[in-house]
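# Have a look at this fold, sequence not included:
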């Protein structure tokens, strides 16, 4: 029976839910969650598109380039938006303004310029408008004025990669603002140049719902208290994953805090793994059950981690630390097409009461 909609189904058929989205790679020794029907699994999969395309994970998956079987490559390519959330916006610093750029398909740290108008409105807020050949001046001006209100527009910059297109775009701008003053900037020399880059990430509720699903399903796969997931104490997290709601009810400090499983440095800092990985954990020693989700931990890289309060059980477990557990989804150093991306290994997840833990030992 599905823990979300109570539909009776055969859990032995189908693949079940991948705790870590399959678009991030499939791992040896992984365990699938079988308590969800295909319809609810597909519904939750839509929320995962925001995590894959719009959150920090969208950048890191381009760095790691995890091996994904052909059948799982849906959602691998970058998209403009997902479930109403915009995709990452890559810009570089040009001094008095920023410029929209496109990242390379082969190297996420290499970017290319785009034909565009950059506009500063009267409040100093920056706006980017892509340019394409044969654009209609009236349509473009209407689009700009619908986003930038009220006019006037104090300054704008035109960037293009081709001289002939530059003349076309200048003519387009003159049709929209015939009284504007024109100042020619020095051209950028051909070649590769180091630049100060920035990625703007915009996520919505679906991002938090997908993180909550990862933590909840991981816990249910490894619970040592015989928890199914359809208990009344988990009603709120189930509803949040399916329907959304106030994420602050779940993404908050739990009773205990986790230590990273890689050890500490002599100066008190945190060791990071040599290979890229995801770290998942759960704590069910208290009535309040919590999960730990830390995606794309890597060499000298510790992104934001999340501790998620999942629900309340009827009783505590006293003095048995084995009821706090964790796993590392470790990527192989060499990613082979159509193969497994890595292996799942059990990890020792040390937990302490929040008020007894030095802040430097934990990742927030």
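Right, received. Where do you want to start? None of the values given here were measured: they were computed from a predicted structure.

# how near is the residue nearest the centre of the chain to residue 306?
Centroid-nearest residue in the chain: residue 55, 2.6 Å away (criterion: CA atoms, centre = their mean). Distance, residue 55 to residue 306, using CB to CB, to the nearest Å: 11 Å. From N, CA and C alone the C-beta is placed, and that goes for glycine too.

# Would you agree the residue nearest to the centre of the chain is in contact with residue 201?
Yes: assessed by CB atoms under 8 Å, residue 55 is found in contact with residue 201 at 6.0 Å.

# how much space is there between the residue nearest to the centre of the chain and residue 208?
For residue 55, the distance to residue 208 (CB to CB) stands at 10 Å.

# go on, residue 63?
In this structure, residue 63 and residue 208 are 23 Å apart, going by CB to CB.

# name the helices or strands packed onto the helix or strand where residue 218 lies?
Using DSSP states H and E, residue 218 sits within helix 205-222. Contacts defined by 3 or more CB pairs under 8 Å, 6 or more residues apart in numbering; DSSP states H and E place helix 205-222 against helix 38-53, helix 235-243, strand 277-283, strand 288-297, strand 306-312, strand 324-331.

# Other residues contacting the second one?
Put plainly, it is helix 235-243. Residues from elsewhere that reach helix 235-243 (CB atoms under 8 Å, 6 or more residues apart in numbering): 3-4, 40, 43-44, 47, 209, 212-213, 216, 229-230, 245, 247, 249-250, 308, 310-311.

# count of residues packed around residue 288?
Using other CB atoms under 10 Å, the number of residues around residue 288 comes to 17.

# Wait, it touches residue 309, no?
Yes: contact status for residue 288 versus residue 309: in contact at 6.1 Å, counting by CB under 8 Å.

# which strand residues sit across from residue 281 in the sheet?
residue 292, residue 326 (DSSP bridges).

# Residue 90 - that's part of a helix, no?
No: checked against DSSP: H, G, I helix; E, B strand; the rest coil, residue 90 lies outside a helix; its state is strand.

# Read off the pLDDT value for it.
Residue 90 is assigned 91 on the pLDDT scale.

# Just the element for the nearest residue to it once chain neighbours are set aside, please.
Nearest residue to residue 90 in three dimensions, chain neighbours excluded: residue 101, at 5.0 Å (CB to CB, 6 or more residues apart in numbering). Using DSSP H and E, residue 101 sits in strand 98-103.

# Also residue 156?
Using DSSP H and E, the secondary-structure element containing residue 156 is strand 155-159.

# can you list the residues that contact that strand?
With contacts defined as CB under 8 Å, 6+ apart, strand 155-159 is touched by 94, 97, 99, 113-120, 131, 166, 169-170, 173, 180, 185.

# That one to strand 98-103, inter-axis angle?
Calculated by axes from the mean of the first three to the mean of the last three CA atoms, to 10 degrees, strand 155-159 forms an angle of 30 degrees with strand 98-103.

# Quick check: next helix or strand after strand 155-159?
Per DSSP H and E, the first helix or strand lying C-terminal to strand 155-159 is helix 163-176.

# helices and strands around that next one, which ones?
Using 3+ CB pairs under 8 Å, 6+ apart, the elements in contact with helix 163-176 are helix 137-147, strand 155-159.

# so how far is the first residue of stretch 233-251 from its last?
End-to-end distance for stretch 233-251: 16 Å, by CA to CA, to the nearest Å.

# Show me which positions of that stretch end up buried.
234, 236-238, 240-242, 245, 247, 250-251 (16 or more other CB atoms under 10 Å).

# Ok, stretch 274-283 next?
If you call a residue buried by 16+ other CB under 10 Å, then stretch 274-283 has these buried ones: 276-283.
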